[in-house]
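Colleague: Got a sequence here, can you build the structure:
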Amino acid sequence: MKIYITGLPSGYDVEHLVRLFYPMAPLTLTPPAEDEDCVWASRDDTGLSVLVREKGASRRASAPLPQEDTPEFALASLTYDLLRSWTGLRPPWGKMTGVRPVRLIHDKRAAGWTEAQIDQWFLGRFDCSEEKYRMAKAIADLQEPILRRGSEPKAYSLYIGIPFCPSRCSYCSFVSCNLDRDRKLVQPYVDCLCRELEAIRTEADKAGLHLQSIYIGGGTPTSLSADQLRQLMGTVRDQFPLEGLAEYTVEAGRPDCTDAEKLAVIKEYGATRISINPQTFSDEVLARIGRRHSAQDILDCYAAARAAGHTDINMDLIAGLPGDTVEGFEHSLKTAIALDPENITVHTLTLKRASRIVMEDQEDNTYADVAAMLEKCSLLPAAGYRPYYLYRQKNTLQNLENVGWSKPGSEGYYNIYIMEEVQTILSAGAGGSTKLVDTAGHRMQRIFNFKYPNEYIQRFDEVLERKKGVSAFYDYDLGTETPGGD
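Modeller: So this is what the prediction gives:
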C-alpha cells in the first residue's frame, strides 16, 4: 500500500492517518500505477478527494473545500472516514495524529471552554473512543496542580543524557553507543558533561531561572562506573541547589550494569527517584530484544535498590514486544505490581525506523494483540495506581499510547513538565535538545547539542558557545534555532 498526496503544503496528518490503517506504508512522490494498491489524497481548487485501491477493488470519497477548518485537517478527516469504512477498523484514538492528547484539554480549559464544550469538541473532532477520552481527561484533572507549580515564571528542569548502553535493545532508536565498543569515549564524555553542567548553571543564574527537577537519562546512566557516577552526580550537587526540588530522577534501568555500589552512590548524591526498567519478565522475550540479563536479575536489582534506601521507584513495561503474548504481558504486569513500586509506566511498542526491529525487518517477529495487553492495565487501579501522564508516538502498534501510572503523591513531575511544555528544559550531553519556554511571552526556542558522543567531545567548545543562547533568550534576543541536531 502506497501513500500519494497532492495539493497540500504539508501532508503530515494525511500520511500518518493512512498509517493508522496500513502501518509502515511508504509515502511516494510519483503517482501510483493503475494496478498498485494505494491511498491517493488530493486537494485542488474544486475540492478534496480520496481514493483507496486494494487488491483490485477501489472506493472514492470527495468533499468541498472547507469553510472553517484547514484544508490539511479536512483532507485528513475525509481520508480517515473513507478508510474506516473501507477497512471496518476504528482506531482507539480516532483521527488524532498528535502526541499530546492531554495538552489539548489543558489548552481548551485555559481558553475558558466549559467541560461540556471540551467533551463535544474532542469526541466529535477526533472520533476518539469514550474510554480513551475519559482517561485523558482524568489525567488532565490530576495534572493541574502539578502544572501550576511547573509553569511558575522562569522555572526550569535539567536533563542530563548518558548515551551508553551495555547492549542495544532491538526496539531502540535513541542515540546510544555500545559500551564494549566505545568504552574509551566514556571518561572524556563525562569530563565534558561536567563542564557543560557548570556552563548551564552560569547561564541559568544569568537568566534568573530556578530549578524544579533533575533527570539523568539515557542510554543507561548506570553504564558509567561507580566512580564516574560520583564525578557526575558530585558535579550536580556542587553546581545546583538540590533542596526543595520536586524530584531528582536517575535511570538505573538495566540490572546488567546496575549494582549495589552504584545504587548507593545514586542515593548518597541526592536522587529521590530511580527507574528500574524490566520491559518484560519473560527470559525468552528479554533474549529476543537483546537484553543480557534474566528476569531474576531484575528482581535482585529491585531488592538491592530497596536495601540501598530508594523509596520512589519506577518500572517500565512494554506491550507488544516480539514474541510476547497477552498472557505473558499479564504475567509481567502482575510481577511488577507484586513488587509494589511507586510508579509503573506501560509503553506500547513503537516501530521506529532507526530500530533494529524495523531495519532488519525480522521475519520471526510476531506481535500479539496489543489492545488486549493494555486492557490488562485494569489491574493497576485495583492495586492503588492511577494514570498521571500520557503521550502517543508515530508508528505505535494499533495506534495506542504510553501511560505513566503512580501511587498518589508519587507522580513523576519531570515527565509531566516535558510532555506538557510548561517550562524550560536545559539539556546537557550528546543529542541534548534544550527547550527554552517563556510562558508569559508565549515564546519557545531550541538549542541543539551535537548528536553523537565523539562529535560532542571533539566540538565541545561549540557546545559551550551555544549554551550562551539561554541567557540571550531571556534577554528577548530570540535569534534563530541553532544548527547541529543531525
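Colleague: So for Y456, what pLDDT did the model give?
Modeller: As predicted, Y456 sits at a pLDDT of 96.
Colleague: mind checking the backbone torsions on it?
Modeller: Main-chain torsions, Y456, degrees, to the nearest 10: phi -60, psi -40.
Colleague: Identify the residue nearest it in space, chain neighbours excluded?
Modeller: A430 (3.9 Å; Cβ to Cβ, 6 or more residues apart in numbering). Every residue, glycine included, has its C-beta placed from N, CA and C.
Colleague: Using the three-state scheme, assign C128.
Modeller: Classification of C128 by DSSP: H, G, I helix; E, B strand; the rest coil places it in coil.
Colleague: A helix includes the residue nearest to Y456, no?
Modeller: No - using three-state DSSP, the secondary structure at A430 is coil, not a helix.
Colleague: For it, grab phi and psi.
Modeller: Given degrees, to the nearest 10, the pair of backbone angles that A430 has is phi -60, psi 140.
Colleague: cool, L242 as well?
Modeller: phi -90, psi -20.
Colleague: just to revisit the earlier point, hang on, the residue nearest to Y456 packs against V190?
Modeller: No - taking Cβ atoms under 8 Å as the definition, A430 is not a contact partner of V190, at 11.6 Å.
Colleague: Quick check on those two: which one has the bigger neighbour count.
Modeller: A430 (26 against 21; other Cβ atoms under 10 Å).
Colleague: Pull out the buried positions in stretch 47-66.
Modeller: Within stretch 47-66, the residues that count as buried by 16 or more other Cβ atoms under 10 Å are G47, L48, S49, V50, L51, V52, R53, A61, P66.
Colleague: Just the terminal-to-terminal distance for it.
Modeller: Counting by Cα to Cα, to the nearest Å, you get 8 Å between the two ends of stretch 47-66.
Colleague: Contacts for it next, please.
Modeller: 1, 32, 35-43, 45, 71, 73-75, 78-79, 81-83, 85-86 (Cβ atoms under 8 Å, 6 or more residues apart in numbering).
Colleague: Same question for stretch 268-277.
Modeller: By Cβ under 8 Å, 6+ apart, stretch 268-277 touches 216, 229-230, 233-234, 236-237, 242, 245, 247-255, 258, 263, 266, 298, 301-302, 305, 310, 312-316, 341-342, 412.
Colleague: Out of those, list just those in strands.
Modeller: For the contacts of stretch 268-277, the ones inside strands are I216, E247, Y248, T249, V250, E251, I313, N314, M315, D316, with DSSP state E as the criterion.
Colleague: Drop anything exposed from those.
Modeller: Here, 16+ other Cβ under 10 Å leaves I216, E247, Y248, T249, V250, E251, I313, N314, M315, D316 buried among the ones in strands among the contacts of stretch 268-277.
Colleague: hmm, which of the contacts of stretch 268-277 are the buried ones?
Modeller: 216, 229-230, 233, 236, 245, 247-255, 258, 263, 266, 298, 301-302, 305, 310, 312-316, 341-342, 412.
Colleague: max-length helix in the chain?
Modeller: helix 179-207 (DSSP state H).
Colleague: avg pLDDT for that one?
Modeller: 93.
Colleague: List the buried residues in it.
Modeller: Here helix 179-207 shows 179, 182, 185-186, 189-190, 192-194, 196-197, 199-204, 207 as buried, counting by 16+ other Cβ under 10 Å.
Colleague: what about Q120, how many neighbours?
Modeller: 12.
Colleague: do P408 as well
Modeller: 11.
Colleague: Surely it is within a strand?
Modeller: No - under three-state DSSP, P408 sits outside any strand and is assigned coil.
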